[in-house]
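Asker: The amino acid sequence is not available; the structure is as follows:
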DNA sequence: AATGAATGAGCATTCATTCAT
DNA sequence: AATGAATGAATGCTCATTCAT
C-alpha cells in the first residue's frame, strides 16, 4: 500500500508530489487539503492513499526529498569553488537559488515544528551537519579562524535562512494568497552577506573576498 | 465590542491572552482551538468573542504584544552595557531569556506566514529596525567596521533566531506534545555566538570580548 | 418585569420598539439580533429584558402595534370617501402609504409563520375582518354585487399585499442589504388595481371610477 | 464538486432535496438545520456538501426546482380548459393542488426576502410572466376585458397566494410544530374565488362560468 | 432603571480518511 | 490502478438570555 508497482503508478505518485509541493508553497501545510492536492494532480481523492499513508506521511516524504536535493545543490556549489572563500560563496548561492525555485521547502519547514518536530529537526540538523564538516575541514586546513564548528554552523544556517526569507521570498509574494515569490538575492546584498560570514569565520582572504565591500577592522587600526 | 470597560473585563481579557500564549506555545496556532484556550482561561467560549474578533485577531494582538515586550527587553539589555561589545552581548542575552520564557512568540511566528503574513513581517521588521539603528550609531561612532547596517541586521536576526531555536527550545521540549522547552543557552555556546557576531561586525575589542574564547585568526598566524 | 413604571422607562421602551422596527425592516426577524437592536436604541443589552420577555415577545408586541395602526389608517382612509367606490380607493391608498412608511410590518409578517403562527394569523384575520364588515355593509346597501364577503375579503387582502410588495417595496430596495424601500404606488398602477378590484366586487360606478381606465365588458357588448 | 457523477450520487442528491423540502415545509428555512436534513435523508452531514455549496445554495436550487414544477402544473391545467374561463379555473386548480402537495414552496418563499431576495423575486416574476402572457393573448382574442396585463397578473398572483395560504395551508397545520397542512380549497370557496377573478378580468361568460354562483351585478339591476 | 460581562447551547462548514465499484 | 461517494468528528463563531453591580 505504498510503493508504486507499475510505471503508471510511478507517474501518479510523482504528479502527487509535484502538486503537493506547489500547494504547500502557496498555502502552507495546514491549509493545504488533500482535495486541493489531488485536484491539482488531476487524480481522484482516493488515489492519494494508494501512495501515502496520510497527509503527514506525504509531508515527511516531501521534506526528506527536498532536503536531500538542497544539500546536493549546496555541496555541488561548494565543490565548484577553487578555494575556501569561493566554496562558501557558491554554497550560499545554490542555497538561495534552491529557495527561489522551491519555496515550499522553506515555508513548510517553518510550520513543521507542530506537524512533525522530528522532520523539522532532521532537516536542519542535516544541513548543519554539512556546514560543520566543511568548517572542521577548513579549520584543520587553516583556511578559517578558530571557530567552534557546531555553533558556527548553526549561526550560518540562521544567516542563510533569514536572508533567504527576507530577500528571496518576500519581494514578489503576490501570486496566490501568500505568493510563491522567487527572486535572486540582489548582488550587493549577497556580497555583503558573504563578507559578513567570512569575517565571522575569519576566512583567509582571497581575490574574491578582498574585492568585496567588507569591513576591515582590527588590521586597519 | 472589543475593549473591556470594567476591571473585571480587563482581567478576563488578560486571562485569555495568557491562556492563549500557553496553548499556542504548546500546540501552535493552527492546532490551538478556542475551546482549549477558553477552557484554560476558565471562561465560557462565548466570552472569547467579547474581546477578540476572531482567532486571527487574538493571534495578531498576541504577536504585537510579545513583539513589543521582546524589543523592550533587548534594548534594556543593550542599555546595560557600558560599551558596544557589552551592549551586543546583553541584547542577545535578553533575547534568549525572552525566548526561554515566551516560547510562544518564537513558535507562533514561524507558523505566521500562512496565518498573517503582515503580522509576521512586521514582527521581524521591527526587531531588525532596532538592530539597524544600533548598527548605524555604532558605525558612526567607529565602534564597528564598515558593514551595511540593513543586511547585517537581518543576518543578526537570523543568527539569534536559529541559535535560540537550537539551544533554547530544543533540549527540553518534552512537556506537552511539543514541549515548551526553556533552558538558558549554555555559556560556552553563548560566548561563541557573541564572538561570531562581533567578528562579523568588526566590533572594537574591549576587556569583555578580549576575554571571550573567540577566534583570533589572521592576527595570530 | 414588563411595563415601564417611570417616564424614563417609557422612553426607553419606545426607543427599543422604534429600533426594532428599523432593524426588522432591514434584516428581518431572524437576522435581527438583540445586540443590534439595543445598539441602535443606544441602550445596554440587558436593558432589553426589562421591557420584553424575549425576542418573540418583542415581535408580537410590534406586530400587534403595527396591525392596530394600519387598520386605523385604512378605516380613516375609507371614512374619507363619500361613496363606496371612494371608500375602497382611499382604504387602499392608506394601506400602501402605511406599507411605504413601515416596511417592517410587511416584511416581518412574511417570516412570521415560523416564528409566531398565531401572531401571523391574527394579523391577517384582523385586517380581513375589517374588509369583510365593509363588504357586508356594502352588500346590504346594494353598493356592490352579490359576493361572498369572506372569500372576497381574503382576495382583497391578497391583491393589496402583492401589489404592495411589488410596487411599494421592490423598486428602491437599495439601502441596507435588502433595502427599506418606500415608494408610492405609481398612479396608473394604483388606478388599474382599484378598477380591478371594483370590477371584481361589482362596485356601483361613481364619477371617480367612471373616469378610471377600467374594462367595460359585458355592458359594452 | 457539485453534480453527481454516478447513479448512486444522483439518488443521494435526490434524497437530500426531498428531505430538505420536508424539513423546510415544517420548520422554515431558518430553523431547518443541515443536521436535521441529512438525518432525514439518512446520510452523513458531510455528504450534504458534496452536492450543495451551502444551505443557501440548497435553498435556491429547491425554489428553482419547485418554481419550474408549479408553472408546468399551472400551464398544463390551463391547457386542459377548452375556453378562456376554463383555462383560468384549471390553472388555479392546479396551483392550489401544488400548494397542498408542496407546502414548502409557499412557506419558504415567504421567508426568502431575507434569505435570497433574488430567488424570491425570480419566483414571483416567473409565475407572473406566465399570467401576463396568458392575459395578453386573451385580450388580443377579445376573451377578457381591457385590463393592464401586468398589473392584473400581479393581482392574480396575490389572490392565488392569499387564498392558498388561508384555505389550503391553515386548516390542518397540526403535524410538526407548524404543520404541513394540505387540504383542497373547499369547492364553494374555489368557485367564489374564480368568479371574483373572472369578474375582475371581464372574462367572457361560458357555460361553465354561467353556472357558477358568481355575482351578476350591473346587468341584473 | 440601567449596565455590560458572562454564559453555553447550537449551527454551518471543512477535511482527512475509508470503502465499494 | 483508479475512482468518487460517503463518513463523522472537529471547529470557529453567533446569539438569546441571565446576573452581579
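Answerer: Right, received. Where do you want to start? Just so it is clear, the model here is predicted, and its values are computed rather than measured.
Asker: mind checking which helix or strand the residue in chain A that DNA strand F sits nearest to is in?
Answerer: Nearest to DNA strand F in chain A, going by CB to the nearest atom of the strand, is residue A:46, at a distance of 1.5 Å. Where C-beta positions appear, they are placed from N, C-alpha and C, glycine not excepted. Counting by DSSP states H and E, the element that carries residue A:46 is helix A:45-51.
Asker: ok, and what's touching that helix?
Answerer: With contact meaning CB atoms under 8 Å, 6 or more residues apart in numbering or on different chains, helix A:45-51 is reached by A:1-4, A:9, A:12-13, A:16, A:34-35, A:37-38, A:58.
Asker: which element follows it toward the C-terminus?
Answerer: Sequence order places helix A:55-80 as the next helix or strand after helix A:45-51, per DSSP H and E.
Asker: Output the contacting helices and strands for that following helix.
Answerer: Secondary-structure packing of helix A:55-80 (3 or more CB pairs under 8 Å, 6 or more residues apart in numbering or on different chains; DSSP states H and E): helix A:7-31, helix A:84-101, helix A:103-111, helix A:117-140.
Asker: if we can go back for a sec, go through the contacts of helix A:45-51 and say which is closest to chain D.
Answerer: Minimum distance to chain D across these is 8.3 Å, recorded for residue A:35 (CB to the nearest CB).
Asker: which SSE is the closest one in?
Answerer: helix A:34-41.
Asker: re the thing from before, next, format the contacts of helix A:45-51 as CSV and append distance to DNA strand F.
Answerer: Putting those into CSV (distance: CB to the nearest atom of the strand, whole Å) gives the following:
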residue, distance to DNA strand F
A:1, 8
A:2, 9
A:3, 9
A:4, 6
A:9, 4
A:12, 4
A:13, 8
A:16, 9
A:34, 9
A:35, 8
A:37, 12
A:38, 8
A:58, 15
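Asker: SS state for the closest residue to residue A:53 other than its chain neighbours?
Answerer: Spatial nearest neighbour of residue A:53, chain neighbours left out: residue A:2 (7.0 Å); criterion: CB to CB, 6 or more residues apart in numbering or on different chains. What DSSP: H, G, I helix; E, B strand; the rest coil gives for residue A:2 is coil.
Asker: ok, now the one 3 residues further on?
Answerer: Reduced to three states with three-state DSSP, the structure at residue A:5 is coil.
Asker: Now the phi/psi pair for it, please.
Answerer: In terms of degrees, to the nearest 10, the main-chain angles of residue A:5 are phi -110, psi -10.
Asker: That one: neighbouring residues, count only.
Answerer: Look at residue A:5: counted by other CB atoms under 10 Å in any protein chain shown, it has 8 neighbours.
Asker: Could you do residue A:113 as well?
Answerer: A count of nearby residues for residue A:113, using other CB under 10 Å, gives 22.
Asker: which sections of chain A are below the confidence cut-off?
Answerer: A:1, A:171-182, A:206-221 (pLDDT under 70).
Asker: for DNA strand F, what are the nearby residues on chain A?
Answerer: Contact residues (CB under 7 Å from any atom of the strand) of chain A with DNA strand F: A:4-6, A:8-9, A:11-12, A:43-47, A:50.
Asker: Filter those residues down to the buried ones, PyMOL style.
Answerer: Restricted to buried positions by 16 or more other CB atoms under 10 Å in any protein chain shown, the PyMOL selection for the residues of chain A next to DNA strand F reads:
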select buried, chain A and resi 12+43+47
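Asker: Can you say which of the helices and strands packed on helix A:55-80 is nearest to residue B:152?
Answerer: Nearest to residue B:152, of all these, is helix A:84-101, at 15.5 Å by CB to CB.
Asker: Fine, thanks again, bye for now.
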